[in-house]
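> how would this look folded up:
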Amino acid sequence: MVTSSPAGIRSTWPIFQELLRTGCSKNDFKSIAMKRFKIWWLAVLSLIVAGENSLQAQPSDSAVIMVLTHYDVKPPYQQKFRKALWNYVFSSLKADGNIMAEAYYEEGNPSGIWMIERWSSRSFHDENIKSGVAKAILALTKDGLASPVDIVFAEDLEPISKEAYRKTFKIGDQPITIMLFVDAKEGTESVFKSLYHVAMPEFRSEPGVLTYQLSQVSDDKTKFITYEKFRNEAAFQYHLKIPAVEPVIAYLRTSIKEQPFEKGLHRLIEFAPLFREE
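Numbers count the residues shown, from 1 in each chain. Modelled structure (predicted):
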């Protein structure tokens with residue numbers, strides 16, 4: 001049973017009384033009321049969904065895993081790392097058990113390089129890192145990094161197919177991939193997962209969204225990572241304005257350990273595999 005209340009569930013009657021007292025028009029009142037109701041209703045639905053068993057699945061060796069690796073690369077080694085990761089991506093995409101593999105650099109910070117992988121089980125990933133292309137990356141880490149490699153394992157909370165993960169952008173798109181790292185206040189994790197569970201169908205149906213996922217870090221259940229692929233910057237900005245995102249933003253502004261939540265936002269530019277369709 002969820003005992004905490006998500007942001008947005010509170011009595012709004014005093015607010016409306018104040019609006020009426022100060023001369024709010026009927027049309028303005030109606031607009032505000034409808035907006036409040038949408039946020040309230042999504043939050044109520046989130047509490048209902050919080051009890052679903054699908055959100056309580058425990059990780060195992062046979063579960064799909066996300067592997068997120070961050071390299072803080074010294075400038076002289078950037079091209080070598082990109083080449084090595086390019087080779088690793090294409091090798092991984094052909095490996096048994098691979099679901100997806102992509103490499104990125106951080107917008108505005110080419111030294112920040114990210115590798116995002118998903119595997120049908122941990123054992124497939126562990127076998128893959130024994131490959132020659134993986135060992136080539138390991139060799140570069142000995143002298144080419146400004147700080148140690150950071151590797152995070154996570155489980156997807158809203159599963160989609162391998163084909164959905166490998167869906168490609170179109171020629172002419174100007175893609176941006178967003179990752180948001182969220183460290184939830186203890187006891188609010190179920191609320192956060194539920195809010196996303198309710199909103200996810202609408203997020204994924206946006207015309208400018210290619211892929212959207214929420215994952216939970218395996219060894220720390222208060223930590224989450226979003227994976228959001230947009231066709232261009234306009235699509236991302238549109239996403240931030242739709243009503244379905246409002247309860248999520250309200251949560252992020254009230255129920256995470258460190259504010260502002262934008263500090264956990266990373267804007268990524270893909271450099272492998274760079275597949276595009278006509």
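
> tell me the buried residues in the lengthiest strand in the chain?
In the chain, taking DSSP state E as the definition, the longest strand is strand 109-119. For strand 109-119, the neighbour count (16 or more other Cβ atoms under 10 Å) marks Ser111, Gly112, Ile113, Trp114, Met115, Ile116, Glu117, Arg118, Trp119 as buried. The C-beta positions use only the backbone N, C-alpha and C, and glycine is treated the same way.

> same question for stretch 204-216.
By 16+ other Cβ under 10 Å, the buried positions in stretch 204-216 come out as Glu206, Gly208, Val209, Leu210, Thr211, Tyr212, Gln213, Leu214, Ser215, Gln216.

> work out the gap between that stretch and the centre of the chain.
Per Cα atoms, centre = their mean, to the nearest Å, the displacement of stretch 204-216 from the mean C-alpha position of its chain is 9 Å.

> not counting sequence-adjacent ones, nearest residue to the residue sitting nearest the centre point of the chain?
Nearest to the mean C-alpha position of the chain, by Cα atoms, centre = their mean, lies Thr226 at 1.0 Å. Leaving aside its sequence neighbours, Thr226 sits nearest to Leu180 (Cβ to Cβ, 6 or more residues apart in numbering; 4.3 Å).

> so what does the host helix or strand of that neighbour touch, helix or strand wise?
Assigned by DSSP states H and E, Leu180 belongs to strand 176-183. Helices and strands touching strand 176-183, as assessed by 3 or more Cβ pairs under 8 Å, 6 or more residues apart in numbering; DSSP states H and E, comprise strand 223-230, helix 233-239, strand 265-272.

> which stretch among these is buried most, on average?
Of all those, strand 223-230 carries the top mean neighbour count, a mean of 22, counting by mean count of other Cβ atoms under 10 Å.

> quick one: that one to strand 265-272, angle?
For strand 223-230 against strand 265-272, the angle by axes from the mean of the first three to the mean of the last three Cα atoms, to 10 degrees is 60 degrees.

> do a quick rundown of the helices in the chain.
With helices called from DSSP state H, the chain shows them at 13-21, 26-49, 78-93, 122-128, 132-144, 162-165, 189-205, 233-239, 246-254.

> how about the helices and strands packed on strand 176-183 in JSON lines, adding distance to His70?
Output for the helices and strands packed on strand 176-183, formatted as JSON lines (distance: least, Cβ to Cβ, whole Å):
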{"stretch": "strand 223-230", "distance to His70": "11"}
{"stretch": "helix 233-239", "distance to His70": "21"}
{"stretch": "strand 265-272", "distance to His70": "9"}
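
> surely Ile225 and Met179 touch.
Yes - assessed by Cβ atoms under 8 Å, Ile225 is found in contact with Met179 at 6.0 Å.
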